[in-house]
Structure formats: C-alpha cells, structure tokens
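Novice: From the sequence below, what's the structure:
(chains A and B)
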Amino acid sequence: MATGIRDKVAIIGMGCTKFGERWDVGAEELMVEAFGECLEDAGIEKNDIQAAWFGSCFDEINVGKSALPVSMALRFPNISVTRVENFCASGTEAFRGAVYAVASGAYDICLAIGAEKLKDIGYGGLPEFSAAMGTLNGLWFPNATAPGCFAMLASGYATKYGIDMKDLKNAMAHVSAKSHANGALNPKAHLRKPVTEERILNAPMIAYPLGLFDCCGVSDGSACAIVTTPEIAKKLGKKDFVTVKALQLALSNGEELQYGAWQGDHFVTTSKASSEAYKEAGIKNPREEISMMEVHDCFSITELVTMEDLHISERGKAPKDIMDGVFDLDGKVPCQVDGGLKCFGHPIGASGLRMLYEMYLQLHGRAGERQIQDPKYGLTHNLGGFPMMNVCSVAVIGKYA
Amino acid sequence: MVGITSYGGYIPRYRLSRMVIVQNMAWYFPVIMAVAQGEKSVANWDEDAISMAVAAAYDCATGKDRKQIDGVYLASTTLPFADRLNSDIVATALNTAEEGVTCSDFTGSLKSATTAAISALEAVQAGSKNNVLVAASDQRGTKMATMYEMFLGDGAAALLFGRDNVIAEFKGHLSLSCDFVDHYKACGQRADYTWEERWVRDEGYAKIIPKTIAAFLKKHNMAIGDFDKVIFPCYFKREHANIAKKLGIDSSKVQDNMYEICGDTGSAHPFVMFISALEEAKPGDKILLASFGQGCDVLHFEVTDKIKDFKGPIGIKGSLANRAELTSYQRYAKFRDLIVADLGIRGEANPNTSLTTLWRNRKMLLGLVGGKCKKCGTPQFPASPVCVKPDCNAVREMEDYEFADRPGKVMMYTGDMLSASVDPPAVYGLVNFDDGGRMFVDFTDCILEQTKVGLPIKMSFRRRYKDAMRGISGYFWKAIPQVKA
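Specialist: Purely as a prediction, here's the structure:
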C-alpha cells in the first residue's frame, strides 16, 4: 500500500539566480550561480551529492539535449545525472526525480536543478509549439502560441459562467497588478515595476483577450534544491527543516482535446493533482490551511482559473475572490508572493524549482520585505502545455513536524 | 443517357473592387482605368487551385455517394505540383475509393476544363467509367498594375458526369486545336507573359471561337438559333458582345462573361459560366458551351426534366452571394506574395514535410477522416488506437468517420497576434461537432470581431503552409465560422 511522500524527504538547501535578461552569461554560469547558493545553504560538499536530476525544456535554444551540460558545468565526479523534460513542469519533474530517489533509499543526498536560457532566441515570447509537437501534429495543428491557447480559456470560462469579457478582464488585470506589486519587492525578480490596472487594461493585444500585461515574462535563470532524508538532515545538524508534504503530477489523456465533456472552463489535470496532493499532505480544507502559493501564472487567465482547480475558490467565484484581494500579499491566501512567472520570470526548466525556492524562503522566514507571517504550508503548481492538453504538477511543502 | 449528374461551384469570398486597384496602381499604368468596372474574386491567402477545386468538388458531390466516383480529373493552369498528381490530392480530400479510381490532371491551356469534360464523357459513353468528377480551378498569378491584374479573378467549378439522373444530356462536341499564343507561362513562372490585347481580341477570341462554333454547327447540322443559351469566355466585355453578334445570337441568349462580378477565372471560367446558366435552366434548354485556349472546345448539352428536382449545391450563385469586400490593396498584395512583410524570427521555423507521415495519415490530413468507436459510437479526431471516451477506452475498434461536411460550433477561440501569420491575427480554436467529436483547428474566412462562442462552423480544405524552400504545399482543413449577415 503506497503511503505517499509526506515527510519522507527534507529540503536542506536551495538556490536561485536572479531571473531576467541575462545577456552576459550562458546557462552554465546560471547553473553554477544557483548551485553555489544551494550548496552553501545546505552546508555540504559537492561530492556529497550522489545523483542529480536536470530539468530543461527548449533544448534547441538552451544547452542542448541530455544531462551532460549539468554534469560538465558543475564538474560532478561521474555521478548519475538525468535530464527530464515535461513542458513547464520540467523543473518540478527534476525535483520529483531527486525526491523519489531519496525516498526509495537508493541515495542519501540528491540534487534537482533546472535551467533555461530563453533570451538567446532573438525575439520575445516562446517559439510556436506546433513544430515541437511531433511530425504528424506539425502537419495539422494551428500555428498556435502559448498566449493564443490560454486566451481560448478566457472565452471558455466567460461562456460557462456567463461573465461579460469586460468583467473578466478586470479580474485578470488585478491578477497581474498584484504580481507586479509583489515582484517590485523582490531583488531577484525579472520585472520589478508596479503597474496600474488601468495600464494593464489598455495594453496592446497579444492574443484576444490577453493583452501584453496578461502574459508572463520569458527569462533566463536557474534554480536548484538539495534533498535528503529527515534522518540525515538531523544528522547534518539541521533543525526546523522543511519537508515535502505532497508531490503530484497529472497529465491530460486527450479527453479535453477530443471528447465532448470538457467545457473549456477549467484544468482537468490541476483539479485532480491538487485533490491528490491535499490527500497526500493531509490537508482537509485548502483555503484555510494553505498559507501561500506560487502557481503557474503564465497568463492572468491561467492563474484565475487555477484558483478554482486548486479548490481554493469555488467554481465561478475566482473573479470575485481576486477582486476581494484574497490572493494579494496581505490577503487570506497570498499568491505569487515573489512576483510569480509574471514578474519573477519564466525560464521554463527552472520555474518549478524557483516556486519551491520562494516557499522555502518563506517557511524559513528569509523572504525579506515580502515575508508572510508564520506560514505553515506552501503550495506550488506548474502547468505545461495548453488548457486542452497539459502536464500539471502540484507540490506542498512545510516544516517537518 | 450520358451527361451531367451534378454541378458545384466555388468563388472565393473576398472581392476586390477594380477601383481599389486603380486607386493604388493607376499612377504606374493609367490604362487600367479603362477596364475598372466591377470587382474580381480573390482567393484568401490560404487558398490555391487545389483547395478551391476541393471546395467545388465537395459542393458538386452534395447528396452523392463519393465512394461511387471512379474518376477525378482536375483542370488548371496553376497546379501547385509539376510531378505529384494534383487531382489525387482532390480525390483523397473527397475520400473517394483508391482502387478502381482514375485521377488525371488536365493542364497547359485555359480550355483544359472542357477537354477534361470531353475525356470524362467519352469514358462514360464507352462504359469504362460510371461517375467522373471534373473539377476546374485557377488562381492565376499576375503582376501589379497590369491588365491581367484587372481581368482575372479566382474560382473553381466542378461537374459530375454519369448515366443516372442526368440533369443535362451530352449531345456532342467538336474541338479545334491550334498553337495560338495570346499568353504563356513557362514552368516555374508565377505570372503570364502576354501579347498585345488588340491582336488577342481580333485574331484570337473573335476568330477562333466563331470558327469552331461554325464547324460544330455544320458537323451536327444545326443552326445557332437552335440554342437557348450560348456560353463562351472572353474577358473583353465589348468583344464578348461582338462575337455573339457575329454569330447571330440574340443578346438574351448569351451568357454573361461575369466580368463585373468575379472576373475571368481561367480554366474554371467555362464551367463557372456554364453552371451559372444551369442554375437558371429549364428542361429542354439546349446549351452550347465553348472554351478558349490554343483553340476551342465546343460542347452541346440538353437540359432534362431532372433539373426540376435537382437541388443541393451552393453553386456559383451561392458562393457569389457569400461575399466580403477586400478594401485594402496591400492586403491583397500580401495574400498574393507581391510584397514582402516580415514574418519575424518566430516564422522562420520550417520543418520539412514527412512524406512517410503524410502517406500513413493521408485520409486524416487530406480527407479529414477521423474515427468512430465501434464499441461506444464516439466520433473522434484523429482516429487513435484507444477510444478517447473515458469509460470506454476500447482498443483498436475505430472505423472511418468523415468530419468534412459535418456541422459544428465554435467552443472556444482566440485571435493571436503573436503567431507568425500572413493575415494576423491568426484566429483558431476548438470546435465541437454536432454529432460528436472535437477538433483544435485554424479558423479562416472570418474576422476576430465577428467570431463568437457557439457560432456554427463549416469545414473548408485549405493550404496550411507553402514551403518555398522544398517546394511543397501542405493542406489541411480549417473551420469557417458562419456569421449571419
């Protein structure tokens, strides 16, 4: 009988680079930067790490395929290093690999690292996905972009709940304004300027109804975590450390894309992954028990809808919760405390680990100006792909009790 | 009885007023002002001779069993492939049978459609074929500020020839072939090289058409007055009337050359005019159809009683009514690749077309054939080994299921300004088919502001990409939201 991951693995060190347009450095330098911070935080030696997992997504503009770039950049002593890729959940996938390896007893100490060097592509935003979807899909899928696909969700959500697009846009604008306010407090964030809702609403259209400020930044960056068992953490002298409470992944099976039941108003995968995660973590009422969240706000509408699939907001009520300030820094469940993908930035392979990094800092009371009082559980969420076919990860971390 | 058993037409939705061309280009060549009457039909940027032929062929096959078609002929001077059977792309799009079907391209002359029709009729007469579909289609490239830019429109038409339920009986024909070169287009060239119009008019149209008609009448011992309608192309409006006068045809019996409403649609034009005549025809009408291009074909049809009960196709009349004005000459020029606009680096991605993948999935990609689960009856696209219905998931129980002419509705959509597109924003979304099945698909022939969730859609075969580096055009289907006027 499976017993889940709760409290089986401790995070003893984390690191994260400044995200942004890191024109001056390559992915190797970013990894060294994040790893250095992480190693120092853990207080161990590089040679204590027995295995590593590496998350990256766009290998063609990043460091290339395989895990060799990590092994070579960090000069590991010929240990096992595995590259994982699962769209925007790639960073969390690396974390899963390291966590499960420790939990299995196969290794004592493992590293999860993610890196992405998106700003070497020559234009803003991500490449079109159709060419990255295989030989057959490339012959018939629309030349869809990420904003385009998530913009579709707004039309589905507005239709389902009979919301006027203008009202939905207002709630989406608040989502982005809140993340800009939080990002401004974070020295490592890519975008650090507060932006008014009025400016957000009047921005140029990227993909109807998403304007420029409804879309997250695309950045360079790296983040990593060192994990071990609680027993070893104690032996290493760690007190009051953070453990993994839940780690869930859910993938679409084509139902949303090809079958009639889904109405284009929510994320089937997130709904499932979060329910499983709460069960794994022993959380009964997430709205009351989750102290803070870093969710996959690739677009404002994604964050809005995700609030319902995380079972924090009731169906159809996310716009009201958003306008009521529930997810603001001083709200009931602060969300995107570090600025989110929106402002901290989105180097895909690093994003999942960056989210965990913020939750980790908050749990240790090291989040500076944006510190939340006495957080218990921090939730992270990634959504890779499109609303109608995606990979969703949900993680919950908290203090070891 | 051998003759026409169905017809179909396709005039693309965009129309460009010739005055728009004048306003933009008369500074360069003022003579175009003399022929600036009316408007011409303009193919959307994702259309070409093949895609328009498919539209006309589907229209022609309305209410017919496409599996009974045993010949698909395609007539055009603007075929995308020099060596790959263009007509077979049309046949695959129609999801005809493969075994026992003959496909052939008729090209090289503007009279190729009537020549293809004669071949089809002779095959049916000989008993070697039962139902031959002949599609004619042209999307002719022209240079800016030329008479041809003014004269030519885009369009397609299709006729089905057979023995059962004939609506117009084939009574005879006569062809004249001669190397009269009023214009030509070398292999690989985009636009025609044209000779002096006065010569084309006086020595070409005005001599060759009357001469061939006269020879036909003599051979069949008929008089021009025996005919209720006489159809021949000639984009010179006045000369069109003069030829009729010269032949002694009452002006009411001459089929309009459609200059003001769509322009000369090339190979398709004899069919386009002929179908316009059939749309108004009465039982017993005798129709004389002539074409022009390195000579002339003359065909004689007599309309039967069956025309009274014949309905279904959108036809030329219906597609002419589906009209949207293209008010920007620049947009037209961009559609036709006459001007270069930057697609951006995002648009540089250019994977090749996997011919193995294309072959294995030809029914899906060209015919829009998905699957229907034999266990639970769920239609799905694409067909896959395991049924998508959650409580079914039957393995390898799919049977072919055609989506092409099924009604559906917009489920969700966007207009994407970031996507590399010839005509931004790229509108796409998910559509639900009324009888089941869902598809992620590009939208076309629509504007974002008129697109709404819940709008009915119609599927349309389009050119999805044109890979100039490797010289291949790729096709797939798009959804057209049906905006009510």
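Novice: Could you chop the chain up by domain?
Specialist: Since no chain was named, I'll use chain A. Dividing chain A into domains by automatic domain parsing, as the record does, gives the ranges A:10-121+A:220-235, A:144-213+A:242-399.
Novice: wait, chain B
Specialist: B:3-335, B:406-481.
Novice: Can you measure across the last one, start residue to end residue?
Specialist: Translated: domain B:406-481. From its first residue to its last, domain B:406-481 covers 13 Å (C-alpha to C-alpha, to the nearest Å).
Novice: Do that domain and chain A come into contact?
Specialist: Yes: legend: contact between domain B:406-481 and chain A by C-beta under 8 Å from any C-beta of the partner chain is shown at B:411-421, B:425-426, B:428-430, B:432, B:436-442, B:448, B:453-454, B:464, B:474, B:476. For glycine as for every other residue, the C-beta is placed from the backbone atoms N, C-alpha and C.
Novice: In PyMOL, how would I select just the buried ones from those residues?
Specialist: A single PyMOL command suffices to select whichever of the residues of domain B:406-481 next to chain A are buried according to 16 or more other C-beta atoms under 10 Å in any protein chain shown:
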select buried, chain B and resi 411+412+413+414+415+416+417+418+419+420+421+425+426+428+429+430+432+436+437+438+439+440+441+442+448+453+464+474+476
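Novice: Tell me where chain A has strands.
Specialist: Under the criterion DSSP state E, chain A contains strands at A:10-16, A:51-55, A:80-84, A:110-117, A:205-207, A:210-211, A:220-228, A:242-251, A:290-294, A:377-386, A:389-399.
Novice: Out of these, the one nearest chain B is which?
Specialist: Between chain B and the strands of chain A, the tightest spacing by C-beta to the nearest C-beta is seen for strand A:205-207, at 4.3 Å.
Novice: is any part of the particular helix or strand that has B:Ala56 in it close to chain A?
Specialist: Assignment of secondary structure by DSSP states H and E places B:Ala56 within helix B:49-60. No: with C-beta under 8 Å from any C-beta as the measure, helix B:49-60 is seen stopping short of chain A, the closest distance being 14.6 Å.
Novice: avg pLDDT for that helix?
Specialist: The pLDDT scores in helix B:49-60 average 98.
Novice: report the angle between the axes of the helix or strand following that helix and helix B:49-60?
Specialist: Toward the C-terminal end, the helix or strand that comes next after helix B:49-60 (DSSP H and E) is strand B:71-75. Taking axes from the mean of the first three to the mean of the last three C-alpha atoms, to 10 degrees, one finds that strand B:71-75 is oriented at 130 degrees with respect to helix B:49-60.
Novice: neighbours of residue 133, just the number please.
Specialist: Using chain A here. As a burial measure, A:Met133 scores 15 neighbours (other C-beta atoms under 10 Å in any protein chain shown).
Novice: Can you look at chain B instead?
Specialist: Each residue near B:Leu133 was counted by other C-beta under 10 Å, and the total is 32.
Novice: May I have the beta-bridge partners of it?
Specialist: Here B:Leu133 shows beta-bridge partners B:Val72, B:Leu160, assigned using DSSP bridges.
Novice: That one: what's it in contact with?
Specialist: By C-beta atoms under 8 Å, 6 or more residues apart in numbering or on different chains, B:Leu133 lies in contact with B:57, B:60-61, B:69, B:71-73, B:94, B:158-161.
Novice: quick revisit: for the helix holding B:Ala56, which helices and strands make contact with it?
Specialist: Contact here means 3 or more C-beta pairs under 8 Å, 6 or more residues apart in numbering or on different chains; DSSP states H and E; on that basis helix B:49-60 packs against strand B:3-10, strand B:71-75, helix B:86-94, strand B:132-138, strand B:155-162, strand B:456-467, strand B:472-481.
Novice: hmm, back to that, the residues of domain B:406-481 next to chain A in helices, which ones?
Specialist: Within the residues of domain B:406-481 next to chain A, no residue falls in helices by DSSP state H.
Novice: Of all the domains of chain B, which one is nearest A:Arg22?
Specialist: Evaluated with C-beta to C-beta, the domains of chain B place domain B:406-481 nearest to A:Arg22, the distance being 22.8 Å.
Novice: how many neighbours does the closest residue to A:Asp41 other than its chain neighbours have?
Specialist: By the measure of C-beta to C-beta, 6 or more residues apart in numbering or on different chains, the closest residue to A:Asp41 outside its immediate chain neighbours is A:Gly13, 3.9 Å from it. A count of nearby residues for A:Gly13, using other C-beta under 10 Å, gives 23.
Novice: What's the separation between the most centrally placed residue in chain B and B:Gly8?
Specialist: Among the residues of chain B, the smallest C-alpha distance to the mean C-alpha position (C-alpha atoms, centre = their mean) belongs to B:Ala156, namely 2.3 Å. Distance from B:Ala156 to B:Gly8, counting by C-beta to C-beta, to the nearest Å: 9 Å.
Novice: Residues that sit against both of the two, list them.
Specialist: Residues touching both B:Ala156 and B:Gly8 by C-beta under 8 Å, 6+ apart: B:Ala56.
Novice: Tell me the residues on the stretch 101-250 of chain A that lie near chain B, please.
Specialist: A:121-123, A:125, A:127-128, A:131, A:135-136, A:138-145, A:147-149, A:151-156, A:158-159, A:204-208, A:210.
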